[in-house]
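Peer 1: Next come a sequence and a model predicted from it.
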Amino acid sequence: MTIEFSTRDYRWSYGKEPRGRGWWWFFFEGYEFCACGTYTEAKRACVKRVRELAPVGYEGHVTVKVGT
C-alpha cells in the first residue's frame, strides 16, 4: 500500500511545512485521526492507523491530508 501525505492545505493556512510538537489532525478516506506528539510521531501513528483500517491485501494508494 502506498500512503502519501498532502500538506498543501496546511501550508496554505500557515505558510510553512508542518513540524514541531502538538496535536495533529489527519483526514483520509472519510476518516479523521488525531495524535499528540511531534509531527514525525503523529505521522507514524497515522500510517499505522491507515494500515489497520485498510482491507486485508489492499495494495492501492491512500492520500492523507494534514489538517489545519
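Peer 2: Yes, it's here. Numbering: from 1, shown residues only.

Peer 1: do you know how far the closest residue to residue 60 other than its chain neighbours is from residue 50?
Peer 2: What sits nearest to residue 60 in space, not counting adjacent residues and going by CB to CB, 6 or more residues apart in numbering, is residue 1, at 6.5 Å. Bear in mind the C-beta positions are built from the backbone N, C-alpha and C, glycine included. Here residue 1 is placed at a distance of 8 Å from residue 50 (CB to CB, to the nearest Å).

Peer 1: Isn't residue 32 up against residue 25?
Peer 2: Yes - contact status for residue 32 versus residue 25: in contact at 6.6 Å, counting by CB atoms under 8 Å.

Peer 1: Overlap in contacts, those two.
Peer 2: Taking CB atoms under 8 Å, 6 or more residues apart in numbering as the contact rule, residue 32 and residue 25 both touch residue 67.

Peer 1: So between those two, which is more surrounded?
Peer 2: residue 25 (15 against 9; other CB atoms under 10 Å).

Peer 1: residues touching that one, list them.
Peer 2: Taking CB under 8 Å, 6+ apart, one finds 32-34, 66-68 in contact with residue 25.

Peer 1: what's the burial count for residue 50?
Peer 2: Residue 50 has 19 neighbouring residues, counting by other CB under 10 Å.

Peer 1: Any figure for the gap between it and residue 66?
Peer 2: According to CB to CB, residue 50 and residue 66 sit 13 Å apart.

Peer 1: Which phi and psi values does the residue of the chain most remote from its centre adopt?
Peer 2: In the chain, the residue that sits farthest from the middle, by CA atoms, centre = their mean, is residue 57; the gap is 20.7 Å. Phi and psi for residue 57, reported as degrees, to the nearest 10, are phi 80, psi 10.

Peer 1: Tell me the confidence at the residue nearest to residue 60?
Peer 2: pLDDT recorded at residue 1 is 92.

Peer 1: same deal with residue 65?
Peer 2: 98.

Peer 1: how much space between it and residue 57?
Peer 2: To residue 57, residue 65 is 25 Å away according to CB to CB.

Peer 1: Could you check stretch 51-63 and say which residues are buried?
Peer 2: Neighbour-count burial for stretch 51-63, counted by 16 or more other CB atoms under 10 Å, picks out 54, 62.
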